[in-house]
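>>> Next come a sequence and a model predicted from it.
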Amino acid sequence: LVTLNTIVNGLCVEGNVAQALTLTRHMDNAGYQPNSYTFGALINGLCKIGDTKSAVFCLKSMVERNVEPNVVVYNAIIDGLCKRGLVSEGLNLFSEMNDKGIQATVSSYNCLIQGLCNVGKLKCAANLLNEMMEKGVIPDVQTFTILVDGFCKEGLILGARSVICFMVQMGEEPNVVTYNSLISGYCLLNQMEDAMKVFDVMRSRKCYPSVVTYNSLIHGWCKVREVDKAMCLLGEMVDGGLCPDVVTWTTLVGGFCEVGKPLAGKKLFFTMNEYGQVPNLLTCAVILDGLFKCHFRSEAVSLCRVMEESDLDLDIVIYNVMIDGLCKTGKLNDARKLLDCLPAKGLRFDSYTCNIMIGGLCREGFLGDAEDLLMKMEETGCPPNACSYNVFLQGLLRKKDVLRSRKYLQLMKGKGFAVD
RNA sequence: UCACUACUACUCUA
């Protein structure tokens, strides 16, 4: 059983949960009853691939077989649920756990607090912090950092700062992640001087910046179109012995594109290899999008060919970028051709693809085709979203088709979609 | 003993 468990765990860690599940069934049939370790591995695997439904189901069968789940198993599912935005389910499981007399740990609370933050319920998150302290569960740096990050992501720097004051009162010092959250909070608001101040403060407190620290700052400077400053930081991090990662390079590539220098971006796309970093799908999407947005269509098309020859399996995002770029540079027919090639590449269009095509068709005056596509979205498994309707509506308005505009405005209202 | 929790980059409308 121990051997089999090890295999199950291995499969789960690799993300091969389906195989792990079949193996467990075979084990079970052969008389090797799965134990808490087996279930633990499966539940972890399921949560990691985002299949919380099956994880909950697994938990139930665990209980039915009288294998008692422990806190860690509960925590894993609570976290999985929270990460998918299903916080109320997470809270339910949390109370179910309490009812069974299983003591919640700091992790349990941390997962829930983060879940609440991610759905914008900062107040509830803060209340949960109080609740855990009342119950004698001591919050750790991570707890506070989650809250700091939550406030920062909402642009509420003052709230974040007060969390930091509070944590210091509680005897916890902010660590590098706490500072990183605060820095990206300032970057979000384009307050780069303040972000740099935090950077100085953390260093003066002997808290050493990480690659993430630099990446956040580099992104911030790129956003305010100061790529020079971003490049200085790149130099600084290398001098300081930190190794720029694929995020660093991707951010800089995007930064150069954003200021209208996509060829400089393309250069970085290649030089990153010399620094031991291989572009990933995101890097590819960024440079292709940048080239198109700066009207370097032929550069984009030829670079995409190079990418197709590489080891990367290009995904739908890449082709969305290409199709959008072609549409917007007046190559609707090429865009259509590329769209038709998707199945041969083993790819399926998504809602982005449809919205891009609707926009492209409208721009060239093919309102009827655009409308057909919009209607077809319902059937094809990617139902139109607010963006789909807005794109089409703008097409109608551009052609002064008031009558149909009215109709779609009503339709959108009915679906609760916001009109731009 | 081990296993669960925090920070950074990408595509469509405004």
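In hand now; what should we look at?

>>> Spell out which residues of the stretch 201-350 of chain A are next to RNA strand B.
Taking C-beta under 7 Å from any atom of the strand, the part of the stretch 201-350 of chain A that reaches RNA strand B is made up of A:210-213, A:215-216, A:219, A:246-248, A:250-251, A:254, A:280-283, A:285-286, A:289, A:316-317, A:320-321, A:324. Where C-beta positions appear, they are placed from N, C-alpha and C, glycine not excepted.

>>> Mind doing that once more with 6 Å?
Proximity of the stretch 201-350 of chain A to RNA strand B is confined to A:212, A:215-216, A:219, A:246-247, A:250-251, A:254, A:280, A:282-283, A:285-286, A:289, A:317, A:320-321, A:324 under the rule C-beta under 6 Å from any atom of the strand.

>>> Filter these down to the buried ones, PyMOL style.
For selection in PyMOL, the members of these meeting the burial criterion (16 or more other C-beta atoms under 10 Å) are listed in this command:
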select buried, chain A and resi 212+215+216+219+247+250+251+254+282+283+285+286+289+317+320+321+324
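
>>> Which of the residues of the stretch 201-350 of chain A next to RNA strand B fall within strands?
The strands, defined by DSSP state E, take in nothing from those.

>>> Any buried residues in the helix-or-strand element of chain A with minimal mean pLDDT, and which?
Least confident helix or strand of chain A, by mean pLDDT, DSSP states H and E, is helix A:2-13 with a mean of 88. The neighbour-count criterion (16+ other C-beta under 10 Å) identifies A:4-5, A:8-9, A:11-12 as the buried residues of helix A:2-13.

>>> Tell me which other helices or strands that helix touches.
Counting contacts by 3 or more C-beta pairs under 8 Å, 6 or more residues apart in numbering; DSSP states H and E, the secondary-structure elements packed against helix A:2-13 are helix A:17-29, helix A:36-48.

>>> List just the nearest of the buried residues of helix A:2-13 to RNA strand B.
Within the set of these, A:Asn9 lies nearest RNA strand B; the separation is 8.3 Å, counting by C-beta to the nearest atom of the strand.

>>> which residues sit in contact with the closest one?
A:Asn9 makes contact with A:37, A:41 under the criterion C-beta atoms under 8 Å, 6 or more residues apart in numbering.

>>> now A:Ile113
Counting by C-beta under 8 Å, 6+ apart, A:Ile113 touches A:125, A:128-129, A:143, A:146-147, A:150.

>>> Closest one of those to A:Pro69?
The closest of the contacts of A:Ile113 to A:Pro69 turns out to be A:Leu128 (C-beta to C-beta; 22.0 Å).

>>> Low-confidence regions, chain A specifically.
Counting by pLDDT under 70, chain A contains no low-confidence range.

>>> At the geometric centre of it, which residue sits there?
For chain A, the residue nearest the mean C-alpha position is A:Lys83 (10.4 Å; C-alpha atoms, centre = their mean).

>>> And that one, how far from RNA strand B?
A:Lys83 sits 7 Å away from RNA strand B, going by C-beta to the nearest atom of the strand, to the nearest Å.

>>> repeat for A:Phe144
To RNA strand B, A:Phe144 is 8 Å away according to C-beta to the nearest atom of the strand.

>>> so which helix or strand takes in that residue?
helix A:141-153 (DSSP states H and E).

>>> again with A:Lys400
Counting by DSSP H and E, A:Lys400 is held by no secondary-structure element, helix or strand.

>>> Quick check: the gap between it and A:Gly360.
Distance, A:Lys400 to A:Gly360, using C-beta to C-beta, to the nearest Å: 20 Å.

>>> quick one: which of the two has more around it?
Comparing A:Lys400 with A:Gly360 by other C-beta atoms under 10 Å, the one with more neighbours is A:Gly360, at 26 against 8.

>>> list the contacts for the residue nearest to A:Gly260 when sequence neighbours are not counted?
Counting by C-beta to C-beta, 6 or more residues apart in numbering, the nearest residue to A:Gly260 once its immediate chain neighbours are dropped is A:Cys294, at 5.6 Å. Residues counted as contacts of A:Cys294 (C-beta under 8 Å, 6+ apart) are A:257, A:260-262.
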